[in-house]
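[1] Below is the structure, and that's it, no one-letter string:
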C-alpha cells in the first residue's frame, strides 16, 4: 500500500501517517505540502498510489477543483478529502466531484480512517472492473469458517438431498435459513427451507414458490443469485447465493457516519430501481433484508412478501399484517395498496436510523408504530444533520404523492 498525504500541517501529516501505519504497518506514506509544492496532480500523473488523503482547502485553494483535476488523470487513485469543518452540502458537492469520501479531522480515529479507505479501495476496484468489462456481479464468494457465523444446528435441522447444512443463520415465520455446502463441489450457499408445518398450507407454499420466481426474473447484481430449488417433498427449499458482506443491520450496530449513510441510501435506491423497473415492490424492506457482496455493493433479499404488479394474484389473507411495523409505510398500515413509493418510505425509515442511531418513532409498540406512521410528525434532525432534513421529509411524507416518485428520482438527487 502506498499513500500520499496532502496537507500543509506537518503535525497533521504525521498524525495521519501514524493512523495509516496502525492499519498497514508495511505501508509507504509520502507527504506533500501544498503551500510549497502546489497541486499534486503532477506527481500523481507519473507515480502510482493506492489512495490520496488531501485537505479540503489545500493551501487555501479550492480542493474541489483539485479533486476534479486529479480525477481526470488516467488510473487516478481514490481521493479522500479531510476538512476542519464543513456542512452536508459541501460534502455532497465534494463527493459528486469525485472524492471517495469527505472526513472531518476533528474526532477522526484510526479505525474510522481505515474503514473509509477500505471502502474507497473496494469501490474503486469494482468501478475499474466495470470499466474494463472484467466485473462479475455474481463472483463466487470465498469459503468462510462456518463457526464464525450463525448458530450450531439443532436436532430439527432440515436435511436437503445434495446439500450439507453447516449453521443456522436465520429463522422467520415462514422458513429457516441455513449456511450450507453443496456436496458436489463444496460451494457455500444459503438454504431457505419452508417450515414443515406450512408445507401443506397452499397460501404459504405458493408464496414461497412465487418468491423463487420473482428472484429468478430479477437476474441482477442487486438481488441474490438462485442456484437451485425444490418445491416438492418434505422440505421445500430455495438454494441461493451466500453474501459474505453481512447485513445492513450489523453495520448499523457498529455505527455509520452520516455521509456513509447517504452513500448507502443512494446505493439502495439504485437497487430498488432495479426491482421496481421490473414491476416488483418488495413491501418488507428493512436492515435485515439488505446484505452486501464482497465488493461492498448492497443486495436486497427476502422477497417473501414482494408483490408482482403485473400479477393479479394476491397471496395474503384477510386481516393479515404485512411487513415489519418498524419500517411499514402509512398506506401499508391502513391496508391500502403498496407501490414503489412504499419501499421508499421504508428506505426513509432506514436512512433516519442510520443517520441518528435511533429507530424511527422510538420504542413504540407495534400498534403505536402503526399509529405514528399514519399520524405522527416527521421527526426533525439535529442541527448537525439538518442538511439531510429535506431528504427525510420527502422520504417519510405521509402521502405517497409527496415523496420521491421513484427510486431513480431519489438516486439522481443524492447519488455520491
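    Thanks, I have the structure now. The structure presented is a predicted model; accordingly, all values stated were derived computationally and were not measured.

[2] and the longest helix anywhere in the chain, what does it pack onto?
    Scanning the chain for the helix with the most residues, using DSSP state H, yields helix 110-132. The helices and strands touching helix 110-132, judged by 3 or more Cβ pairs under 8 Å, 6 or more residues apart in numbering; DSSP states H and E, are helix 10-23, strand 51-55, strand 79-83, strand 101-104. C-beta coordinates here come from the backbone N, C-alpha and C atoms, glycine included.

[3] May I see the ones you listed arranged in CSV, with mean pLDDT and distance to residue 189 as well?
    As requested, the helices and strands packed on helix 110-132 are exported to CSV (pLDDT from 0 to 100; distance: least, Cβ to Cβ, whole Å):
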stretch, mean pLDDT, distance to residue 189
helix 10-23, 96, 32
strand 51-55, 95, 34
strand 79-83, 91, 35
strand 101-104, 84, 33
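
[4] Redo the ones you listed as CSV? Include mean neighbour count and distance to residue 359.
    Below are the helices and strands packed on helix 110-132 laid out as CSV (neighbours: other Cβ atoms under 10 Å; distance: least, Cβ to Cβ, whole Å):
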stretch, mean neighbour count, distance to residue 359
helix 10-23, 16, 32
strand 51-55, 24, 34
strand 79-83, 24, 30
strand 101-104, 22, 25
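
[5] I'd like those as TSV, with distance to residue 71 appended.
    Shown next, in TSV, are these (distance: least, Cβ to Cβ, whole Å):
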stretch	distance to residue 71
helix 10-23	21
strand 51-55	11
strand 79-83	7
strand 101-104	14
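
[6] rewinding a little: what residues sit buried inside the longest helix of the chain?
    112-113, 115-117, 119-124, 126 (16 or more other Cβ atoms under 10 Å).

[7] lowest-pLDDT helix or strand in the protein?
    strand 307-308 (a mean of 58; mean pLDDT, DSSP states H and E).

[8] Domain ranges for this structure, per the record?
    What automatic domain parsing lists as the domains of the chain is 2-132, 146-241, 248-414.

[9] tell me the helices in the stretch 201-350 of the chain, going along the chain?
    Per DSSP state H, counting those that start in this stretch, the stretch 201-350 of the chain carries helices over the ranges 202-217, 248-254, 258-276, 330-333, 340-356.

[10] out of these, which comes closest to residue 95?
    Of all these, helix 258-276 sits nearest to residue 95, with 7.2 Å by Cβ to Cβ.

[11] list the contacts for the nearest residue to residue 358 once chain neighbours are set aside?
    Distance criterion Cβ to Cβ, 6 or more residues apart in numbering; nearest residue to residue 358, sequence neighbours excluded, is residue 352 at 7.9 Å. By Cβ atoms under 8 Å, 6 or more residues apart in numbering, the contact set of residue 352 is 358, 360, 379, 392, 396.

[12] Tell me which of those residues fall in helices.
    If you go by DSSP H, the contacts of residue 352 have residue 392 in helices.

[13] which one of the contacts of residue 352 has the most neighbours?
    Highest neighbour count within these: residue 396, with 25 neighbours (other Cβ atoms under 10 Å).

[14] Can you check what pLDDT the model gives it?
    On pLDDT, residue 396 comes in at 97.

[15] which phi and psi does it have?
    phi -100, psi 20 (degrees, to the nearest 10).

[16] From residue 178, how far off is it?
    According to Cβ to Cβ, to the nearest Å, residue 396 and residue 178 sit 36 Å apart.

[17] Ok, residue 241 next?
    Between residue 241 and residue 178 the distance is 14 Å, computed by Cβ to Cβ.

[18] So which of these two has more stuff around it?
    Neighbour tally, residue 241 and residue 178, criterion other Cβ under 10 Å: the higher count belongs to residue 178, 27 against 23.

[19] my guess is the more buried one is in a strand, correct?
    Yes - under DSSP: H, G, I helix; E, B strand; the rest coil, residue 178 falls within a strand.

[20] Now do the contacts for it.
    Neighbour list for residue 178: 150, 153, 157-158, 165-169, 190-191, 193 [criterion: Cβ under 8 Å, 6+ apart].

[21] At the geometric centre of this protein, which residue do we find?
    Taking Cα atoms, centre = their mean as the criterion, residue 298 is the residue nearest the geometric centre of the chain, at 4.0 Å.

[22] buried residues in the following helix or strand past the longest helix of the chain?
    Downstream of helix 110-132, the first helix or strand assigned by DSSP states H and E is strand 163-171. Neighbour-count burial for strand 163-171, counted by 16+ other Cβ under 10 Å, picks out 163, 165-170.

[23] ok, these vs residue 37, which is closest?
    Using Cβ to Cβ, the buried residues of strand 163-171 come closest to residue 37 at residue 169, 52.0 Å.

[24] Pick the one among the contacts of residue 178 closest to residue 256.
    Looking across those and measuring by Cβ to Cβ, the closest to residue 256 is residue 169, at 22.3 Å.

[25] close enough to count as contact, the closest one and residue 180?
    No - here residue 169 lies out of contact with residue 180, judged by Cβ atoms under 8 Å, at a distance of 9.7 Å.
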